[in-house]
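Chemist: pasted the sequence and its predicted model underneath.
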Amino acid sequence: MRTLHFGLRVADRERSLAFYAALGYEVIGSVPGTSLGDLTMIKLPGDAFVTIELVSGASVNPPSRGDGLSHFVITVESMDGVLAELAAKGITPDEPPGSPDGSDEFWTAWITDPDGNRIELVQWPPGHPDGITAADWADG
């Protein structure tokens with residue numbers, strides 16, 4: 001098994017599409033009028049598959065913070081570069097970026113979408129795999 005994608009309830013489809021487009025996401029397709037609401041499939045250009053399904057429309061309960069999603073994570077090549085690009089589009093981190101391990105190579109920053117969903121941006125140290133592995137806890 002593997003994770004296919006996750007769905008985010010959004011109050012205003014166009015506002016959310018503008019936000020996620022500013023992050024680099026592109027629309028792959030949409031399915032209007034399902035029992036869940038109107039579905040819009042998005043992905044980052046480097047992703048092989050859709051990673052987020054935006055769920056909107058009159059039949060959707062408006063999202064509210066704490067509805068189950070804590071956050072999701074996007075990896076970035078250069079934290080400074082991405083934050084500069086986002087700032088040019090009016091998106092600023094919730095707090096200054098930090099290094100969870102105190103190094104100069106591993107950085108995280110947090111942003112929040114228009115519906116209050118928190119997004120963690122991660123710049124891995126050079127040579128780190130693309131995701132978290134058991135090796136990240138080898139000493140624990």
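Modeler: The structure has been received and is ready for your questions. Numbering: from 1, shown residues only.
Chemist: quick check: closest non-adjacent residue to V27.
Modeler: Taking Cβ to Cβ, 6 or more residues apart in numbering, and ignoring the residues beside it in sequence, V27 has I42 as its nearest neighbour in space, at 5.6 Å. Quick note: C-beta positions are derived from backbone N, CA and C, even for glycine.
Chemist: so how far is T108 from the one you found?
Modeler: Distance of I42 to T108, computed by Cβ to Cβ, to the nearest Å: 22 Å.
Chemist: please identify which of these two sits among more neighbours.
Modeler: For I42 and T108, the more surrounded residue by other Cβ atoms under 10 Å is I42, and the numbers stand at 24 against 16.
Chemist: so what's the more buried one bridging to?
Modeler: V27, I52 (DSSP bridges).
Chemist: ok now the host helix or strand of L83, how far from the chain's centre?
Modeler: Using DSSP states H and E, L83 sits in helix 79-88. Taking Cα atoms, centre = their mean, to the nearest Å, one finds helix 79-88 lying 15 Å from the centre of the chain it belongs to.
Chemist: and that helix, what's buried?
Modeler: 79, 82-83, 86 (16 or more other Cβ atoms under 10 Å).
Chemist: again, but for stretch 29-43
Modeler: Neighbour-count burial for stretch 29-43 [16+ other Cβ under 10 Å]: 37-43.
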